[in-house]
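Student: Sequence plus the predicted model coming up.
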Amino acid sequence: MIQVEHLTRRYGNRTAIDDLSFTAETGHIYGFLGPNGAGKSTTMNIMTGYLAATSGTVKIDDFDVTRQPEEAKKRIGYLPEIPPVYTDMTVREYLNFAAELKGIPAKKRAEAVERALGHTGTGPVSGRLIRNLSKGYRQRVGLAQAVINDPEVIILDEPTVGLDPEQQHEMFEYIRTLRNDHIVIISSHILSDISAVCDFVWILNKGRLIASDTPEHLRESSQHRQEIRIVVLADSEVKLGDTLRLVQNVVSVDTKVLQDPGEGAPKQIEALIRSDSDLDIRPAVSQAVVSAGMYFLEMTKTTKSLEDVFLALTDQDDAKAEAPTSSEAKEERQS
C-alpha cells in the first residue's frame with residue numbers, strides 16, 4: 001500500500017504541491033491527471049525519493065520514503081518522463097547495470113534481464129547502443145529498467161511519449177498485466193489512455209487534489225448528468241427552447257438554426273438539452289416536441305468523456321481560485 005499524507009512542496013514563495021493526501025492499494029491502476037504545472041511530476045518525484053517534500057509523508061508498505069529510503073525504494077520501479085538511460089551502453093548492458101543497482105543477485109540477473117526484454121518488446125534491439133535507438137524504443141528501455149526487479153509499486157510518468165499507436169497499445173496491454181500483483185500509477189496528458197487503462201483517477205490542479213474517483217463515477221457526477229441532442233423541424237427557435245425548458249428535470253437548453261429554407265417553410269433546428277436528474281428525460285422531451293406540433297429528425301444522448309469532466313473540474317477550480325473572498329469583495333466595494 002502507498003500512503004501519502006499532507007504532502008506539500010514549496011519553491012520559495014511558490015507552492016508546487018499543496019497538502020495532498022491519498023492512498024493506493026495493490027490490484028489497481030491509478031491515473032494522475034492535471035494541466036501542465038499541476039504538480040504531477042513533483043508528486044511522483046517525491047514518492048520515489050528523487051525529491052524531498054517540504055512537509056508531509058509518503059509510505060510504501062509502511063516504510064517512510066524519507067526516513068527509510070532503502071527499504072522504500074526497493075519496492076518502487078520508476079520511469080520518469082525522460083528515461084534515465086545511458087546512451088553509450090547497449091540495451092542489454094544497461095539492463096544488467098540496472099539489475100545490479102537494484103540488488104538483484106548475480107545468479108538471477110540474466111533471467112531478470114530476459115524477462116524485462118520480453119515484456120517490453122526490446123529483445124530485438126538488445127545488442128544495439130541506446131544512442132542509436134528511436135525515442136519510442138528508449139521509452140521502452142526505460143520501462144524495462146523500471147520493472148526489472150519486479151517491484152510492488154510501478155510509477156510511470158508519461159509512459160507513451162514517443163510511441164506509435166501500435167506501440168502504445170502494446171504498452172498498455174503490458175501495463176494491464178501488472179494490475180493483479182502491483183500498484184501501478186500513471187501520469188499522462190492523453191486522457192483517453194487514462195480512461196481506458198486506469199481503475200481510479202486523481203485530478204490535480206495548481207498543486208491541489210480536486211477530484212478522486214473512478215473514471216465512471218467522475219463522468220456520472222459531472223455537472224450535467226444527461227445531455228440530449230435533438231434536431232427538429234419547427235417554425236421558431238424561441239418556441240422550441242421555451243417548450244423544452246418546461247420539461248421536468250431540464251435545467252438548460254441551447255438552440256441553433258441549422259437550416260432555414262425561408263418562405264414560411266419550417267426550419268431545421270438543433271437543441272442541446274441538459275439535465276441533472278438520473279431519470280431519462282427522452283420520453284418527456286419527445287412528448288413535448290410532438291405536442292407542440294414539431295417534427296423530430298434526430299435524437300441522441302451524449303455521454304461525458306473523461307476529458308469533458310477534466311476540463312469542467314479544472315475550469316471550476318480556476319474560477320474558485322480567482323473569485324475574491326468575502327473580505328476582499330467587501331474591501332473592493334468600499335474602495
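Tutor: All right, it came through fine.

Student: now the stretch 101-250 of the chain, which segments are flagged as low pLDDT?
Tutor: Residue ranges of the stretch 101-250 of the chain with pLDDT under 70: 219-225.

Student: Contacts only, for Thr26.
Tutor: Taking Cβ atoms under 8 Å, 6 or more residues apart in numbering, we find Thr26 in contact with 1, 152, 181-183. Yep, even glycine has a C-beta here, placed from its N, CA and C like the rest.

Student: and if we set it to 10 Å?
Tutor: Applying Cβ atoms under 10 Å, 6 or more residues apart in numbering, we find Thr26 in contact with 1-2, 61, 152-153, 179-184.

Student: give me phi/psi at Ala53?
Tutor: Main-chain torsions, Ala53, degrees, to the nearest 10: phi -80, psi 150.

Student: actually Met47, sorry about that
Tutor: Dihedral angles (degrees, to the nearest 10) for Met47: phi -60, psi -30.

Student: From the contacts of Thr26, list the buried ones, please.
Tutor: With neighbours counted using 16 or more other Cβ atoms under 10 Å, those contain these buried positions: 2, 152-153, 182-184.

Student: Identify those among the residues you listed that sit within strands.
Tutor: 2, 153, 183-184 (DSSP state E).

Student: can you put these in a markdown table and add distance to Ile194?
Tutor: Shown next, in a markdown table, are those (distance: Cβ to Cβ, whole Å):
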| residue | distance to Ile194 |
| --- | --- |
| Ile2 | 18 |
| Val153 | 18 |
| Ile183 | 16 |
| Val184 | 12 |
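
Student: Let me know the closest of those to Gly162.
Tutor: The closest of those to Gly162 turns out to be Val184 (Cβ to Cβ; 19.7 Å).

Student: Roughly how far does that closest one sit from Ile230?
Tutor: 42 Å (Cβ to Cβ, to the nearest Å).

Student: and Ala72, helix, strand or coil?
Tutor: State at Ala72, reduced to three classes by DSSP: H, G, I helix; E, B strand; the rest coil: helix.

Student: just so I have it, where are all the strands in the stretch 101-250 of the chain?
Tutor: Listed from the start of the chain, the stretch 101-250 of the chain has strands (DSSP state E, counting those that start in this stretch) covering 153-157, 183-187, 200-205, 208-213, 226-234, 250-259.

Student: quick one, which of the ones you listed is nearest to Val285?
Tutor: strand 226-234 (6.1 Å).

Student: Give the buried residues for the closest one.
Tutor: Quick answer for strand 226-234 (16+ other Cβ under 10 Å): 226-228, 230-232, 234.

Student: quick revisit: for the contacts of Thr26, give me JSON lines that also has distance to Asn249.
Tutor: Formatted as JSON lines, the contacts of Thr26 follow (distance: Cβ to Cβ, whole Å):
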{"residue": "Met1", "distance to Asn249": "42"}
{"residue": "Ile2", "distance to Asn249": "41"}
{"residue": "Asp61", "distance to Asn249": "48"}
{"residue": "Glu152", "distance to Asn249": "47"}
{"residue": "Val153", "distance to Asn249": "45"}
{"residue": "Arg179", "distance to Asn249": "38"}
{"residue": "Asn180", "distance to Asn249": "42"}
{"residue": "Asp181", "distance to Asn249": "45"}
{"residue": "His182", "distance to Asn249": "43"}
{"residue": "Ile183", "distance to Asn249": "41"}
{"residue": "Val184", "distance to Asn249": "40"}
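
Student: Of those residues, which is the nearest to Ile76?
Tutor: Val153 (4.8 Å).

Student: Verify the stated contact: that closest one with Gly49.
Tutor: No - Val153 lies out of contact with Gly49 (Cβ atoms under 10 Å); the separation is 11.6 Å.

Student: Now do the shared contacts for the two.
Tutor: 60, 72-73, 76, 78.

Student: so which one among those residues has the lowest pLDDT?
Tutor: pLDDT across those is lowest for Lys73, at 90.

Student: could you measure that one against Val58, distance?
Tutor: In terms of Cβ to Cβ, Lys73 sits 11 Å off from Val58.

Student: who touches both of those two?
Tutor: 48-49, 65.

Student: Save these as JSON lines, and put in pLDDT, distance to Asn96 and neighbour count too.
Tutor: Below are the shared contacts of Lys73 and Val58 laid out as JSON lines (pLDDT from 0 to 100; distance: Cβ to Cβ, whole Å; neighbours: other Cβ atoms under 10 Å):
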{"residue": "Thr48", "pLDDT": "93", "distance to Asn96": "22", "neighbour count": "23"}
{"residue": "Gly49", "pLDDT": "91", "distance to Asn96": "23", "neighbour count": "17"}
{"residue": "Val65", "pLDDT": "95", "distance to Asn96": "27", "neighbour count": "24"}
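
Student: where's Arg14 relative to Tyr50, distance?
Tutor: 19 Å.

Student: At which residues are the helices of the stretch 151-300 of the chain located?
Tutor: 165-177, 191-197, 215-220, 237-245, 282-291 (DSSP state H, counting those that start in this stretch).
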